[in-house]
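[1] Got a predicted structure here, sequence first:
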Amino acid sequence: MRVHFIAIGGSAMHNLAIALVREGYHVTGSDDEIFEPSRSRLKNHDILPEAEGWYPEKITNDLDAVILGMHAKKDNPEMLKAQELGVKIFSYPEYLYEQSKNKKRVVIGGSHGKTTITSMILHVLNYFHKPNDYMVGAQLEGFDVMVKMTEDAPVMILEGDEYLTSPIDLRPKFHVYQPDIALISGIAWDHINVFPTFDNYVEQFRIFADLITKNGTLVYCEEDEDVNKIGKNAREDIKALPYSIPEHIIEDGITQVLFNGKKIPLKVFGEHNLMNMNGARLICIELGVSNEQFFVAIQSFAGASKRLELVAQNEHTTVFKDFAHSPSKLIATTDAVKKQFKGRHLVACIELHTYSSLSKEFLSHYKGCLDNADTAIVYFSQHALQLKKLPPITEEQVKEAFANPGLKVYTDSKKMQADLLSLNWKDKNLLMMSSGNFDGIEINDFGKIIVNSK
């Protein structure tokens, strides 16, 4: 099979390209910009384009398929050439669906928690050597790629993103997969550039639940009011399984779940992660894993990349990084760290980086989101606003939106770093939250400097 990727440098796209190479496909690709780690990983598999840019001559009738990434524009010359020649064009999720049509499809949806839940399920299945294919949105410990597709695996676990499928297919990605088993973790308005109202956003999850195959299963978080409504109103032929926060305790800084009279210690913590775990448990039961087996395996789960990921620590300071950027995620993540380390001062830093977070209309949703932190910091750059073609915002507008009298706002990344390094870090924790990198901060290196400072 000969497959060409348009926008091969994307996080999901390059992982799918590598997965196909490993299955013996002949893979080519193009992109107008390719950053690390995609560049090195494509090069290691000998599929890094020789030059950046779009080259219509790469599109020929010899191709079996073209896979179109969301980064490409509607007037992409390679896509237009494929349409002209009649070469079959798939979006990323369409191609995954095609490859999993004969498998049991498990799709994890929700505004937050879906990467962690997907990762937990994969961890448990692999612990017991149960064959599976998958697509997950973060690099996992013990997994060298984020996509795996084989001929033989009977099940495929898919992280179901609600963002758009491709430039020429404006459906949410998770509407493509038609799950046999689906999960909805929570609904918190996001992607306001695509879904202009909260009701419109919620509707995408209602549609997702209705796309479950006949006699399928919906696992849903009953703690979320909007998700609970969807779960309780699922089709009559769908088995609906609610979940919530399991009973637990925190002893000596370790969270333990209470199950059948036993204390089960975990490496992860926070009520949101405990809820995620309970959702993953119900999915695993549907896939033939017992409760007892699940709790044996989940004890060794250390988390997904950038999801409350431990960066560095010593006896009196711990540094975490997290992908959190939406209001609900900020609240859940800061609350988790504060409760886990009750005697420590929490310094929480958030970068406004996404389209929604940098929008004047959306800023007010951040009111009180950092109130669990002892020192609250917000960073944003005018450059990010310019790239997203958004009107400028001011430090005063950010302070007003968060409504936190002690909030510190930075627009200079180096100044923020210098101020953080000047603190006495004894009995303090640092939480860095962003879907970006605070304009060039290597958080792993920075965390090590923090814990080694005097």
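    Here it is on my side, so go on. Numbering: from 1, shown residues only.
[2] switch to C-alpha atoms for all contacts and neighbour counts from now on
    Noted.
[3] Output stretch 158-165 as PDB, nothing but the C-alphas.
    Taking C-alpha atoms only, stretch 158-165 is exported to PDB below (Å, rounded to 0.1, in the frame of the first residue of the first chain):
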ATOM      1  CA  LEU A 158      -9.400   5.600  20.300                       C
ATOM      2  CA  GLU A 159      -9.100   8.900  22.100                       C
ATOM      3  CA  GLY A 160     -12.100  10.900  20.700                       C
ATOM      4  CA  ASP A 161     -11.300  14.500  20.000                       C
ATOM      5  CA  GLU A 162     -14.200  16.800  19.500                       C
ATOM      6  CA  TYR A 163     -12.200  19.200  17.200                       C
ATOM      7  CA  LEU A 164     -12.800  19.300  13.400                       C
ATOM      8  CA  THR A 165     -11.900  16.300  11.300                       C
END
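[4] what's the model's confidence in it, averaged?
    Stretch 158-165 carries an average pLDDT of 92.
[5] Tell me where this structure has helices.
    All helices of the chain, identified by DSSP state H, fall at 11-22, 38-44, 77-85, 92-100, 114-127, 198-210, 225-232, 271-286, 291-298, 327-340, 382-387, 395-402, 413-421, 443-452.
[6] right, and the ones you listed - which one's nearest Glu315?
    Within the helices of the chain, the stretch nearest Glu315 is helix 443-452; the backing value is 9.1 Å (Cα to Cα).
[7] Tell me who's in contact with Ile249.
    Residues in contact with Ile249 (Cα atoms under 8 Å, 6 or more residues apart in numbering) are 255-258.
[8] Tell me where the stretch 151-300 of the chain has strands.
    155-159, 164-166, 169-172, 181-184, 217-221, 239-243, 248-251, 254-259, 262-265 (DSSP state E, counting those that start in this stretch).
[9] just the ones you listed: most buried one?
    strand 181-184 (a mean of 28; mean count of other Cα atoms under 10 Å).
[10] Could you give the number of residues near Gly69?
    Neighbour count for Gly69, taken as other Cα atoms under 10 Å: 24.
[11] for Ala332, what are its contacts?
    When contacts are counted by Cα under 8 Å, 6+ apart, Ala332 touches 270-272.
[12] repeat for Pro246
    Here Pro246 is in contact with 257-258, 274-275, 278 (Cα under 8 Å, 6+ apart).
[13] what's the pLDDT at it?
    Pro246 carries a pLDDT value of 96.
[14] same deal with the one 3 residues further on?
    Ile249 is assigned a predicted lDDT (pLDDT) of 94.
[15] Which strand residues bridge it?
    Gln256 (DSSP bridges).
[16] Return the distance of it relative to Thr333.
    Remark: distance between Ile249 and Thr333 (Cα to Cα, to the nearest Å) = 18 Å.
[17] One more: Ile230?
    Distance of Ile230 to Thr333, computed by Cα to Cα: 25 Å.
[18] same check, this time on Lys448
    Going from Lys448 to Thr333 by Cα to Cα gives 21 Å.
[19] before we move on, what about Val136?
    21 Å.
[20] ok, now which ones touch the nearest residue to Ser328 once chain neighbours are set aside?
    Distance criterion Cα to Cα, 6 or more residues apart in numbering; nearest residue to Ser328, sequence neighbours excluded, is Ala188 at 6.7 Å. Contacts for Ala188 (Cα under 8 Å, 6+ apart) come out as 111-112, 326, 328.
[21] same thing but 10 Å
    110-112, 198, 201-202, 224, 226, 326-329 (Cα atoms under 10 Å, 6 or more residues apart in numbering).
[22] for Val106, same thing?
    Applying Cα under 10 Å, 6+ apart, the residues near Val106 are 118, 134, 155-160, 177-183, 212, 217-218, 283, 286-287.
[23] where's stretch 102-115 relative to the chain centroid, distance-wise?
    Counting by Cα atoms, centre = their mean, to the nearest Å, stretch 102-115 is centred 11 Å from the centre of its parent chain.
[24] Sorry, slip of the keys, the one I care about is stretch 253-272.
    Centre to centre, stretch against its chain (Cα atoms, centre = their mean), the figure for stretch 253-272 is 23 Å.
[25] Ends of it, what's the gap?
    Stretch 253-272 end-to-end distance (Cα to Cα) = 17 Å.
[26] Kindly report the same for stretch 348-365.
    Here the two ends of stretch 348-365 are set 18 Å apart, with distance taken as Cα to Cα.
[27] From Gly24, how far out is Ile6?
    19 Å.
[28] neighbour-wise, which of these two wins?
    Taking other Cα under 10 Å, Ile6 and Gly24 do not tie; Ile6 has more neighbours (28 against 11).
[29] mind listing what the more buried one touches?
    13, 28-32, 54-55, 66-72, 76-79, 89, 91.
[30] Out of those residues, which sit inside strands?
    For the contacts of Ile6, the ones inside strands are 28-30, 66-68, 89, 91, with DSSP state E as the criterion.
[31] Now for those, which sits with the most neighbours around it?
    Busiest of the ones in strands among the contacts of Ile6 [other Cα under 10 Å] is Leu68, holding 28 neighbours.
[32] Any idea what it is bridged to?
    Note on Leu68: beta-bridge partners Ile6, Ser91, judged by DSSP bridges.
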